[in-house]
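Q: Please work out how this folds:
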Amino acid sequence: MFVDLKNWARTIKRDAVALWIAARDPRTPLAAKLLAGAFAAYALSPIDLIPDFIPILGYLDEVILLPLGIMLAVRLIPTPLMEEFREQAKAREDRPISKGGLMAIGCIWLVALAFGSYFVWSWYLSLV
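A: Have a look, this model is predicted:
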């Protein structure tokens, strides 16, 4: 059972990379491109929307929501294209990890958090 779970997790990870490739390919339909880009960015991001230290909810996104979103995005992409993207993702498995990419994603999340906080704070002040 543990081997099956490990293979399933490896498949989900490969599909997340394949979705990232699909989101940037012009042959991918627009709806699939948007969904694929959103779920791939979230799956590959080192920062979680719901922090893991929150009991039960912290892992809810990684265990249920993220795999369901990835499976939905995969279904929206035509099968021959998805097979091509999976092959490209498999070829990228042995590539080194980019620390610059990690920093860029972290900065993007910080900027998004700052803007979100600013708008929520402005809205709150307008109510008071």
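
Q: average pLDDT across the helix ranked longest in the chain?
A: For the chain, the helix reaching the highest residue count under DSSP state H is reported as helix 99-127. Average pLDDT, helix 99-127: 89.

Q: on contacts alone, who are the packing partners of it?
A: Helix 99-127 sits against no helix or strand, with contacts defined as 3 or more C-beta pairs under 8 Å, 6 or more residues apart in numbering; DSSP states H and E. All C-beta atoms are positioned from the backbone trio N, CA, C, and that covers glycine.

Q: so residue 12 makes contact with residue 70?
A: Yes - using C-beta atoms under 8 Å, residue 12 is in contact with residue 70, at 6.0 Å.

Q: that older thread, which parts of the longest helix of the chain are buried?
A: Buried residues in helix 99-127, counting neighbours by 16 or more other C-beta atoms under 10 Å, are found at 105, 109.

Q: Centre of the chain to it, how far?
A: 18 Å (C-alpha atoms, centre = their mean, to the nearest Å).

Q: dump the residue contacts of residue 24.
A: Under the criterion of C-beta atoms under 8 Å, 6 or more residues apart in numbering, the contact list for residue 24 reads residue 37.

Q: and residue 35, what element?
A: When elements are assigned from DSSP states H and E, residue 35 belongs to helix 30-44.

Q: now that helix and helix 99-127, what's the angle there?
A: 100 degrees (axes from the mean of the first three to the mean of the last three C-alpha atoms, to 10 degrees).

Q: Are there helices or strands packed against helix 30-44, and which ones?
A: Looks like helix 30-44 contacts helix 2-23, helix 66-76 (3+ C-beta pairs under 8 Å, 6+ apart).

Q: what's the following helix or strand after the shortest one?
A: Per DSSP H and E, the first helix or strand lying C-terminal to helix 66-76 is helix 79-91.

Q: Report the mean confidence score over that following helix.
A: So the average pLDDT for helix 79-91 ends up being 92.
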